[in-house]
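Novice: What shape does this take:
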Amino acid sequence: EIDLLEKILKTLEEGKSARTLDFNEDEQVLVKDMFLLTTKPILYIANVSEEQLDNSENDENVKKVKEYASNEKADVIPLCVKIEEELSGLEDEDKKEMLDALGLEESGLDKVIKKSYDFLLKTQSDRSDCDLIMKEHGTKEIIILNRLLFNVVNSIRMYRDQVLHDLSGLGGDLKSDFEKETNRQYDKSFSYQIMELFRNYMQHQGLVIERITAIIPFFNREVGKELLYFAESNYTSIKNIEKFDKKIKNKPETNEKMKWINLIGILREYYTQILDLHKYFRKITEEILNKSITNIQENVQSVYGNLSVKIVAFYGKKDCEELQDFLLQMTYIERLKKYREKDVTIDTTQYYTASKCFLESDNINVSNSVRCNFRYNM
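Specialist: Numbers count the residues shown, from 1 in each chain. Sure, this is the predicted structure:
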């Protein structure tokens, strides 16, 4: 053990992390009990521009990050944070269009879940270092999933705030009608209520996904109709959150002794309800929007006739916040009309939405399989 400590100390004094060292099987057992910070796994996110994303594997800056990460025995995922932020606030029809336009098959959240489960399926074996490798992977995935979850619920909150702000400027009962529909969606399901509770909790307390469970078949390791990958929150701890009983009106009908709850299916149901809320927003604004479009088109036609008009300037009134100057691209009207005609639905071709999810993993039994649990160690 002294030799091991001296080897680690020498590495640290050279400014390197302990994770850069190769430990034999006996050393791995000793190091595991030391709880060294620099043995914790790291995942590097290479933030790239939209232009770089299309060819990120060949980007010089991404290569430098990968070279640095390889010395730390870490993985790198190229992401455009700007795109991920925009995607997290879009409903799935628009998200699919945006991904198609960018030449991407999946969003960062879907990619992380897919990559994580695929890694576990491929890595599970009888190798002596298998458990350590998979534990390191599970720990870093927990951090990534928490960050993405927070981005999603925070973006949804910003979307609702923006809608309420816009509706308040249109007058009538539009704002109050939208608030009533928001409350109706809230009262409708446990998923909506718990995700709203999580959003407030994560802002002040941090992690809600504390465990990843993967059920890995011995033989056929292709993902089928059931997603046996679970991003879980400690339900016992959740019930102790202040205002839990007041905020959560629809508690799940499940085992009273349930300790862990899977958030993948819950997030899916919550997001579906947000899409329904957005459909309602489109419905209540349809009449005023159609009138506005018709009014703009008729005014442009009366002034410019058959001339091709790309941009129109509208001049407001001086010192009047309600009637301000603005520019309008006429192509935006056509894009808006096409968007409003589309049905807003969940894209079930996505990896984590295409397979059946289970609320809890502890009562799922699969023959000829091994169960892997990973906890995040604070």
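
Novice: now the strands: where do they sit in the stretch 251-378 of the chain?
Specialist: Using DSSP state E, counting those that start in this stretch, the strands of the stretch 251-378 of the chain run over 260-262, 311-314, 326-329, 369-375.

Novice: what stretches of the stretch 101-250 of the chain score poorly on pLDDT?
Specialist: Scanning the stretch 101-250 of the chain for pLDDT under 70 picks out 101-110, 221, 223-224.

Novice: in it, which spans are strands?
Specialist: Under DSSP E, counting those that start in this stretch, the stretch 101-250 of the chain gives strands at 211-217, 229-234.

Novice: Please produce CSV containing the ones you listed, extended by distance to Asn363 and mean neighbour count.
Specialist: No exception for glycine: its C-beta is placed from N, CA and C like everyone else's. Below are the strands of the stretch 101-250 of the chain laid out as CSV (distance: least, Cβ to Cβ, whole Å; neighbours: other Cβ atoms under 10 Å):
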stretch, distance to Asn363, mean neighbour count
strand 211-217, 12, 20
strand 229-234, 12, 24
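
Novice: okay, those strands in CSV with distance to Pro252 next?
Specialist: As requested, those are arranged in CSV below (distance: least, Cβ to Cβ, whole Å):
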stretch, distance to Pro252
strand 211-217, 18
strand 229-234, 12
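
Novice: closest one to Glu141 among these?
Specialist: strand 211-217 (5.8 Å; Cβ to Cβ).

Novice: What is that closest one packed up against?
Specialist: Here strand 211-217 touches helix 108-123, helix 130-168, strand 229-234, strand 369-375, going by 3 or more Cβ pairs under 8 Å, 6 or more residues apart in numbering; DSSP states H and E.

Novice: where's it relative to the chain centroid, distance-wise?
Specialist: Remark: strand 211-217 is offset 20 Å from the chain centroid, using Cα atoms, centre = their mean, to the nearest Å.

Novice: Need the contact partners of that strand.
Specialist: 116-117, 120-121, 124, 138, 141-142, 145, 228-234, 260, 361, 364, 366, 368-376 (Cβ atoms under 8 Å, 6 or more residues apart in numbering).

Novice: same check, this time on stretch 189-200
Specialist: 149-150, 153-154, 157, 185-186, 208, 233, 238, 241, 243-244, 247-252, 265-267, 269-270, 273.

Novice: Same check on stretch 245-260?
Specialist: Applying Cβ under 8 Å, 6+ apart, the contact partners of stretch 245-260 are 187-190, 193-194, 196-197, 211, 213, 230, 232-236, 261, 359-363.

Novice: Could you do stretch 286-303 as well?
Specialist: Leu170, Leu174, Val309, Val312, Leu328, Met330, Ile333, Leu336, Lys337, Arg340.

Novice: Show me just the buried residues among these.
Specialist: Taking 16 or more other Cβ atoms under 10 Å as the criterion, what is buried in the contacts of stretch 286-303 is Leu174, Val312, Ile333.

Novice: Hmm, Leu167 and the first one touching each other?
Specialist: Yes: with contact taken as Cβ atoms under 8 Å, Leu174 and Leu167 are classed as touching, separated by 4.3 Å.

Novice: what is in contact with those two at once?
Specialist: In contact with both Leu174 and Leu167: Thr285, using Cβ under 8 Å, 6+ apart.

Novice: State the helix or strand in which Ala46 lies.
Specialist: strand 43-47 (DSSP states H and E).

Novice: got the contact list for that strand?
Specialist: 56, 61-62, 65-66, 68-69, 74-81, 140, 143-144.

Novice: swap in stretch 5-17?
Specialist: By Cβ under 8 Å, 6+ apart, stretch 5-17 touches Ala18, Thr20, Leu21, Val31, Leu36, Thr38, Thr39, Glu72.

Novice: what is the mean pLDDT for that stretch?
Specialist: The average pLDDT within stretch 5-17 is 82.

Novice: And stretch 264-276, how far out from the chain middle?
Specialist: Using Cα atoms, centre = their mean, the offset of stretch 264-276 from its chain centre is 12 Å.

Novice: that older thread, quick check: which of the strands of the stretch 251-378 of the chain has the most neighbours on average?
Specialist: Ranked by mean neighbour count, these are led by strand 260-262 with a mean of 21 (mean count of other Cβ atoms under 10 Å).

Novice: Name all residues that make contact with the closest residue to Phe374 other than its chain neighbours.
Specialist: Once flanking residues are discounted, Phe374 sits nearest to Gly138: 2.5 Å by Cβ to Cβ, 6 or more residues apart in numbering. By Cβ under 8 Å, 6+ apart, the contact set of Gly138 is Leu120, Ile212, Cys372, Phe374, Arg375.

Novice: What distance do you get for Gly138 to Asn151?
Specialist: Using Cβ to Cβ, to the nearest Å, Gly138 is found at 21 Å from Asn151.

Novice: before we move on, what about Lys239?
Specialist: 25 Å.

Novice: Look at these two and report which has more neighbours.
Specialist: Counted by other Cβ atoms under 10 Å, Lys239 and Asn151 do not tie: Asn151 has more neighbours, with 18 against 11.

Novice: Can you give me the neighbour number for Ser17?
Specialist: 19.

Novice: Quick check: it vs Glu60, distance?
Specialist: Ser17 is 24 Å from Glu60, by Cβ to Cβ.

Novice: same question, Leu359
Specialist: Distance from Leu359 to Glu60, by Cβ to Cβ: 46 Å.

Novice: same thing with Lys279?
Specialist: Counting by Cβ to Cβ, the gap from Lys279 to Glu60 is 45 Å.
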